[in-house]
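Participant: Structure of the sequence below:
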Amino acid sequence: MAAILRILIVEDDEIIRNLISTMLQRKGYGIAGESATGEEAIVMAAELQPDLVLMDITLSGKMDGIAAARFIFQLFQVPVVFLTAHCDDSLIERAKGAQPLGYILKPFTDKDLVSNVGLALYNHSVRKKFLEAGPIGDPKKLSTVLDLVLAMDVRGIIVYYNTYAGRTLELPPGEILMHYWREVLMLVNDQTGEEIKDPVPEVVRQMLVIMHEFNTAMVTRNGKTRKVSATIRPVKDDTNELIGIFMHIREKTPGQIRMAAAKK
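Facilitator: The predicted model follows:
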């Protein structure tokens, strides 16, 4: 028996969202989840790994559908079909970075929706054979790894965080997503307490990897301090264009801390 294909619906109009859900379920599709904002959709796409995202271009959150779709496809390789009431040349040009597999113009019929979804799913099944591994790794592993993982845009604004990061930061999603990374945590020298220079501008400018392996601590907004190692590196799309920054923070074990102290 074939697996039920699961769709993530991203639409800020609740009536349209419910209509899409009903149309898809009538045709045998499963609903992976629903979201009204682009920033939430990125996290949901990583955690739920839907077979397809239906993405409205105009959303009520801090990120529009095109920006969200670009991160969803380039980071996690989940295909996207856009929903839009407008489809002019400038919009299409901007949307290319998300490599969408279709546009559904509003208002649409159930035939429009189902035919576009079916074609997009088929085209992605062909395309994914030629895709390389995602630039930040397997989304399933990122979601479950016991390290703090953040993906940011080129300004250092957080667009994705994994489950462990959410537990460690002890902040609601609205105080993490779409905030500058230094608003949710700090990296400091654990010997002097001095704040470590923000690595994001240097990573963007030089396109290099910055690592802090020694004498590094993470301080969260709740005041908790942990000795860590941190890696900050550029994230490029499949055309080699910089799309964001990846930050991986690993808490040091007691054994590692003792070993470092013994070397001093």
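Participant: Could you pull out the helices in the protein for me?
Facilitator: 14-26, 38-48, 65-76, 89-95, 110-127, 139-144, 163-169, 200-206, 254-262 (DSSP state H).
Participant: counting contacts, what elements does the shortest one pack onto?
Facilitator: For helix 139-144, the helices and strands in contact under the criterion 3 or more Cβ pairs under 8 Å, 6 or more residues apart in numbering; DSSP states H and E are helix 38-48. All C-beta spots, glycine's among them, are computed from the backbone N, C-alpha and C.
Participant: pLDDT averaged over the helix it packs on - what is it?
Facilitator: Taken as a whole, helix 38-48 has a mean pLDDT of 94.
Participant: buried stuff in that helix?
Facilitator: Gly38, Glu39, Glu40, Ala41, Ile42, Val43, Met44, Ala45, Ala46, Glu47 (16 or more other Cβ atoms under 10 Å).
Participant: who's in contact with Gln77?
Facilitator: By Cβ atoms under 8 Å, 6 or more residues apart in numbering, Gln77 lies in contact with Lys128, Leu131, Gly134.
Participant: pull the longest strand from this protein.
Facilitator: strand 225-236 (DSSP state E).
Participant: and it, what does it pack onto?
Facilitator: strand 185-189, helix 200-206, strand 210-212, strand 216-220, strand 242-251.
Participant: if we go to 7 Å?
Facilitator: The contact analysis (3 or more Cβ pairs under 7 Å, 6 or more residues apart in numbering; DSSP states H and E) places strand 225-236 against helix 200-206, strand 210-212, strand 216-220, strand 242-251.
Participant: out of the helices of the chain, which comes closest to Trp181?
Facilitator: Within these, the stretch nearest Trp181 is helix 200-206; the backing value is 7.3 Å (Cβ to Cβ).
Participant: so where is this protein shaky, pLDDT-wise?
Facilitator: 1-2, 254-264 (pLDDT under 70).
Participant: Now do the domain split for it, please.
Facilitator: Following automatic domain parsing, the chain resolves into domains at 6-130, 139-262.
Participant: Please consider this matter closed, and thank you.
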